[in-house]
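Novice: Task: produce atomic coordinates for the following.
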Amino acid sequence: MLQCPTFRLPFHTSYAPSYGSGRRDTRTDCLPSRVTTMAANDCLLCGDYHRDEEASGIARFCGRDILSRAMLYQTTDYFLIPAPGSFTPGYLILAPTRHLLNFAQLDHFLLLEAHRLISGVRQVARRRGLQTIVAFEHGGWGVHRQGAGCVEHAHLHLVPSPNPLGLRQALKSHYPERVARDVAGLAEIVADLPYVFLDIGPTAFVYETPMIPSQYVRQLLAAQWGLPEQWDWRRYPFPKVVRQTIELFGTLEVELT
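Specialist: Modelled structure (predicted):
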């Protein structure tokens, strides 16, 4: 069985991910957010939502032709798109249409709607023969408290996982764990503390993560899929796999309605 990466973090120092040079690669740092209901000019997910070829992360990292087919499902409050950096087919991003920092900023009713969408995607994925869909968020509170995330627009990753319990074990070995019934439990999050939310179905968990490696849960999942060095979605966007996900979920608009 593949071993997931483990990290023994010194809790008296901050973690700065390196890309070979020992210094943070500022070329891939996210820009400061603007918490607003309008599209922020520097927000990749706002660009995806508005199908803006110049601002879209999908267009930039996977191709403009993919952007035209990327909106798999949309409501007034949420949209579902394939995830750049998909190391396995069936990897989706669920994001609010409003430009917020994390799901903990959403009210209880919108979190219940997110739970309904997660459950719906899981049902569709089972019909496609995919592995168990886990949902997770690297919840941050701005550029100085972004935790393991790097895009300052709230989004949940919905990803097939060969070993959901392994993700929980890796997280709870480093961070205090709190049980949450589902994503609606994020309404109880205390502001200003970065966190990881993990829903492995039927139970979910929240971890306070003041210091955590960049894209930590993606690192764990990439290892599960045999690609332990290809977790950075900007460096490894996997456009061919993104196309596969679009083919898999091309009827999602009908199946979730």
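Novice: What residues does Arg64 make contact with?
Specialist: Glu53 (CB atoms under 8 Å, 6 or more residues apart in numbering). (Glycine included, C-beta is placed from N, CA and C.)
Novice: Pull up the gap between it and Leu44, please.
Specialist: 14 Å (CB to CB, to the nearest Å).
Novice: Leu165 too?
Specialist: Applying CB to CB to Leu165 and Leu44 gives a distance of 31 Å.
Novice: likewise His115?
Specialist: From His115 to Leu44 the distance is 25 Å (CB to CB).
Novice: picking up where we left off before, settle it for me: which of Leu165 and Leu44 has more neighbours?
Specialist: Leu44 (25 against 10; other CB atoms under 10 Å).
Novice: in the stretch 151-257 of the chain, which spans are strands?
Specialist: Using DSSP state E, counting those that start in this stretch, the strands of the stretch 151-257 of the chain run over 156-161, 177-180, 195-199, 204-208.
Novice: Using CSV, please lay out those together with mean neighbour count, mean pLDDT and distance to Phe79.
Specialist: Listed next are these as CSV, based on neighbours: other CB atoms under 10 Å; pLDDT from 0 to 100; distance: least, CB to CB, whole Å:
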stretch, mean neighbour count, mean pLDDT, distance to Phe79
strand 156-161, 24, 98, 12
strand 177-180, 14, 92, 24
strand 195-199, 25, 95, 19
strand 204-208, 22, 93, 22
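Novice: Adding distance to Thr88, write those out as TSV.
Specialist: Below are the strands of the stretch 151-257 of the chain laid out as TSV (distance: least, CB to CB, whole Å):
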stretch	distance to Thr88
strand 156-161	5
strand 177-180	25
strand 195-199	17
strand 204-208	21
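Novice: longest strand anywhere in the chain?
Specialist: Using DSSP state E, we find that the single longest strand of the chain is strand 132-139.
Novice: just checking, what packs against that strand?
Specialist: helix 108-127, strand 156-161, helix 164-172, strand 195-199, helix 216-224 (3 or more CB pairs under 8 Å, 6 or more residues apart in numbering; DSSP states H and E).
Novice: make it 10 Å
Specialist: strand 92-96, helix 108-127, strand 156-161, helix 164-172, strand 195-199, strand 204-208, helix 216-224 (3 or more CB pairs under 10 Å, 6 or more residues apart in numbering; DSSP states H and E).
Novice: For the spatially most central residue of the chain, which non-adjacent residue is closest in space?
Specialist: Per CA atoms, centre = their mean, the C-alpha nearest to the average position across the chain is that of His157, at 3.2 Å. Nearest non-adjacent residue to His157, counting by CB to CB, 6 or more residues apart in numbering: Phe136, 5.2 Å away.
Novice: looking at it, the one you found is touching Phe197, isn't it?
Specialist: Yes. At 6.1 Å, Phe136 counts as touching Phe197 under the criterion of CB atoms under 10 Å.
Novice: where do the contact lists of the two overlap?
Specialist: 156-157, 204-205, 217 (CB atoms under 10 Å, 6 or more residues apart in numbering).
Novice: burial count for His115?
Specialist: Around His115 there are 18 residues (other CB under 10 Å).
Novice: my read: it touches Arg181, true?
Specialist: Yes. Taking CB under 10 Å as the definition, His115 is a contact partner of Arg181 at 9.0 Å.
Novice: what touches both of the two?
Specialist: Common neighbours of His115 and Arg181 (CB under 10 Å, 6+ apart) are 199, 204.
Novice: any low-confidence regions in the stretch 151-257 of the chain?
Specialist: Applying pLDDT under 70 to the stretch 151-257 of the chain flags the ranges 151, 190-191.
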